[in-house]
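[1] fold the following.
(one chain, ligands or ions: 1)
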Amino acid sequence: MENDFENTTISLYGTVPDSIVDGPGLRYAVFVQGCSHHCPGCHNPESQPAEGGTETTLAALLADIRANGLVHDVTLSGGEPFEQPEACAALAAALKREGYGIWCYTGYLYDDLAGRTDPAIANLLDHIDVLVDGPFVESRKSLELKWCGSSNQRLIDVPATRRAGSVVEWQPASFSLEKPSNW
Ligand code: SF4
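    Here you go, the predicted structure:
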C-alpha cells in the first residue's frame, strides 16, 4: 500500500503553498492539470488540457505540503480533481491521516458524483470536508462570493451530507464557531 502511494503520480497544473483565497485560513492549494468542463470565463484556462501538466509523485507532493509547518489545511482544485480520482483520493486520505482539513473544488455536482460507481470517486468524497461544487457560470459570476466564483456553486459539508443523505451546505459563519463535523 505504501509502495502504491510512493509510486502513484498526479498531474499538476501548479501548487500554492500559502493560499488565502481557496478556502478559509492559510492553505496549501493543489491545482491539478486537466478539466473537461470548459466553462466560459474559466479562471484557469491553461489547466484545462489533460496534457502538459507536471507529473509529480504523491510522496513528493506530500513532503512539500508537510514542509510548510504553518499550513494545516489543503485545497484540491484545478483543473478537475475528480478527473484524477485515484491520485486525489490517495493524497486526501494520507493528508486526513495526518490531521489536515480538506476542501475540494469540482465542476461536477455533488449529486452526480455521489451516484457514480467508481470506488475512487467515493473514496475521494470520503476524505473531503467541504466540496465546492458545480461549474463556473459566467452569468452568475459575483465578486461578493468569498470562496466561489458564481452563485450556482455550493459549499457542501460533505460528512454531514453523507450522514443526512441530502445536501447540507456549509455555512462560512460556522467556521469561527465550530469546524465541519469530522474535523
Ligand atoms: S470546472 Fe473550473 S477549472 Fe474546469 S473549466 Fe470550469 S472553471 Fe475552469
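[2] how many other residues sit next to A114?
    When counting by other Cβ atoms under 10 Å, one arrives at 17 neighbours for A114. (Glycine included, C-beta is placed from N, CA and C.)
[3] longest strand anywhere in this protein?
    Using DSSP state E to define each element, the chain has its longest strand at strand 9-19.
[4] neighbouring contacts of it?
    Here strand 9-19 makes contact (Cβ atoms under 8 Å, 6 or more residues apart in numbering) with 22, 26-34, 44, 46-47, 50, 53-58, 61, 64-65, 68, 70-71, 75, 78-79, 84, 87-88, 91.
[5] give me the buried subset of these.
    Neighbour counting over the contacts of strand 9-19 (16 or more other Cβ atoms under 10 Å) leaves 22, 27-34, 47, 53, 56, 58, 61, 65, 71, 75, 78-79, 84, 87-88, 91 as the buried ones.
[6] within reach of the ligand, which of these are there?
    S47, G78, G79 (Cβ under 6 Å from any ligand atom).
[7] and the gap between the residue nearest the centre of the chain and the ligand?
    Centroid-nearest residue in the chain, with Cα atoms, centre = their mean: C104, separated by 1.8 Å. Plainly put, C104 is 12 Å away from the ligand if you go by Cβ to the nearest ligand atom, to the nearest Å.
[8] name the next helix or strand downstream of the one helix or strand that residue maps to, please.
    Taking DSSP states H and E as the definition, one finds C104 inside strand 101-105. Using DSSP H and E, the helix or strand that follows strand 101-105 in sequence is helix 110-114.
[9] in that next one, which residues are buried?
    With burial defined by 16+ other Cβ under 10 Å, the residues of helix 110-114 counted as buried are Y110, L113, A114.
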